[in-house]
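**Student:** coordinates only, no sequence provided:
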């Protein structure tokens, strides 16, 4: 029945709903349980992740709806590309910047949630970050989603005073942000966007503007990775404006993301300006920076500068910064070390030093085997494309096979 192109086109573009027989056939082909057709009417049951809502109200009820939706469905995403682009990104950033503080209603109808429960859940988050550093996003995302599900259940069914409710929403926001990050790392791009939209709503209800800025910063990096620098700049600018002159690690992180976005666009002047602001902010890093900012140490700062120079085409500068970053990089950050070894390997090969480039990629090999990261798989493919120019060299040929 669907062999005619016009029929499928009408499903995709005209809002025509396939009949029951066609939907059952599609569900069978795509491996979707029939029960999902009843619980999620067309097109929500499709496993492509197309239906990314951005119209949740900026209220407590809207945040709870977003949280409930994302913990039910985000893990099923099978896409490897972005869903929200263009005007959707601009609208989201504009709405976020214009928000007034939300009023939070207190008790619901379940058991009482106290401060000890909130702190116990928050205490688990640093351990999840360590797992992500050492194992990669694919190995961590289900755990993070499960923690988010617990918090969502508490928010939806428990009783709590307003202060505890705000703290719960902040914890939910950080878990949703982190769930988006590990999904992004694992290659689930639509899922990442859904988590991040949810994180923005929860951060708004919780009253944590800096956490919201960090969510926008994460979204900006995703746009950089997928060659959408204009959207990346919009998101990075919104994050910087949200933080309102923040210094320390937070200010450095946000302006560094602005630098990455401008570098991706090829705007050297704006990139260097943002790098200068980031450097000045980083010089004022302090102990009371938020816990989610602690990862941004000197080695990470240097590595990000190196990535800017890669995108600007200044390879000697990129190599120098990446070399400094790797020299001071924590051995516990296994996934990130593999990332920067691969990035420097590609730079060295492009600079003409094939032996050094191969040695760096070979050093990354055991780290790639430990961590499950789609982003690093893409970096490895970038190195392999360069190695294929040197198939006459046995070392390059053998390394290409090992990376494959």
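**Tutor:** Right, received. Where do you want to start? What you see is a predicted model; the values in this text were computed from it and never measured.
**Student:** what helix or strand is residue 175 located in?
**Tutor:** Secondary structure assignment for residue 175, by DSSP states H and E: helix 162-186.
**Student:** sorry, slip of the keys, the one I care about is residue 289.
**Tutor:** Going by DSSP H and E, residue 289 is not in any helix or strand.
**Student:** quick one: residues contacting it.
**Tutor:** By CB atoms under 8 Å, 6 or more residues apart in numbering, the residues touching residue 289 are 248-250. Heads up, the C-betas are built off the backbone N, CA and C, glycines and all.
**Student:** among these, which are in helices?
**Tutor:** Among the contacts of residue 289, the members found in helices (DSSP state H) are 248-250.
**Student:** relative to residue 351, which of these is nearest.
**Tutor:** Checking the ones in helices among the contacts of residue 289 against residue 351 with CB to CB, the nearest one is residue 249 at 31.4 Å.
**Student:** could you list the buried residues of the helix or strand bottoming out on mean pLDDT in the chain?
**Tutor:** Between all helices and strands in the chain, the lowest mean by mean pLDDT, DSSP states H and E belongs to helix 87-97, at a mean of 73. Neighbour counts over helix 87-97 (16 or more other CB atoms under 10 Å) mark 89, 92-93, 96 as buried.
**Student:** over to stretch 126-134?
**Tutor:** Buried-residue list, stretch 126-134, by 16+ other CB under 10 Å: 128-129, 131-134.
**Student:** helices of the stretch 201-350 of the chain, residue ranges please.
**Tutor:** Per DSSP state H, counting those that start in this stretch, the stretch 201-350 of the chain has helices spanning 209-225, 229-243, 248-264, 268-282, 298-312, 315-328, 334-350. These are given in chain order.
**Student:** hmm, back to that, so how far is the least confident helix or strand of the chain from its chain's centroid?
**Tutor:** Its chain's C-alpha centre lies 17 Å from the corresponding centre of helix 87-97 when counted by CA atoms, centre = their mean, to the nearest Å.
**Student:** list the helices and strands it packs on?
**Tutor:** helix 189-206, helix 209-225, helix 229-243 (3 or more CB pairs under 8 Å, 6 or more residues apart in numbering; DSSP states H and E).
**Student:** so which of the ones you listed comes closest to residue 374?
**Tutor:** Set against residue 374 and scored by CB to CB, these come closest in helix 189-206, at 9.3 Å.
**Student:** how far away is residue 249 from residue 281?
**Tutor:** 8 Å (CB to CB, to the nearest Å).
**Student:** kindly apply the preceding question to residue 138 instead.
**Tutor:** When residue 138 is compared with residue 281 (using CB to CB), they lie 32 Å apart.
**Student:** what about those two, which has more around it?
**Tutor:** Counted by other CB atoms under 10 Å, residue 138 and residue 281 do not tie: residue 281 has more neighbours, with 22 against 17.
**Student:** correct me, but the more buried one touches residue 255?
**Tutor:** Yes: the pair residue 281 / residue 255 is scored as a contact, 6.2 Å apart, by CB atoms under 8 Å.
**Student:** could I get the buried residue list for the host helix or strand of residue 28?
**Tutor:** Here residue 28 is covered by helix 20-30, with elements defined by DSSP H and E. Within helix 20-30, the residues that qualify as buried are 22-23, 26-27, counting by 16+ other CB under 10 Å.
**Student:** didn't residue 90 look like it was pressed against residue 234?
**Tutor:** Yes: contact criterion CB under 8 Å: residue 90 and residue 234 qualify, at 5.5 Å.
**Student:** and residue 56, helix, strand or coil?
**Tutor:** Of the three states, residue 56 takes coil under DSSP: H, G, I helix; E, B strand; the rest coil.
**Student:** in contact with it, which residues?
**Tutor:** Contacts of residue 56 (CB under 8 Å, 6+ apart): 62-63, 65-66, 197-198, 201.
**Student:** tell me who's in contact with the residue nearest to residue 122 when sequence neighbours are not counted.
**Tutor:** Among residues not flanking residue 122 along the chain, residue 171 sits closest, at 5.2 Å (CB to CB, 6 or more residues apart in numbering). Contacts for residue 171 (CB under 8 Å, 6+ apart) come out as 118, 121-122, 125, 151.
**Student:** one more pass at 7 Å, please.
**Tutor:** 118, 121-122, 151 (CB atoms under 7 Å, 6 or more residues apart in numbering).
**Student:** same check on residue 177?
**Tutor:** Counting by CB under 7 Å, 6+ apart, residue 177 makes contact with 196, 199, 211, 214-215, 218.
**Student:** from residue 353, how far off is it?
**Tutor:** Separation of residue 177 from residue 353 (CB to CB) stands at 39 Å.
**Student:** ditto for residue 209
**Tutor:** As judged by CB to CB, residue 209 and residue 353 stand 46 Å apart.
**Student:** what residue ranges in this structure score low on pLDDT?
**Tutor:** The chain contains residues with pLDDT under 70 at 1-3, 13, 31, 47-51, 72, 74-87, 99-110, 287.
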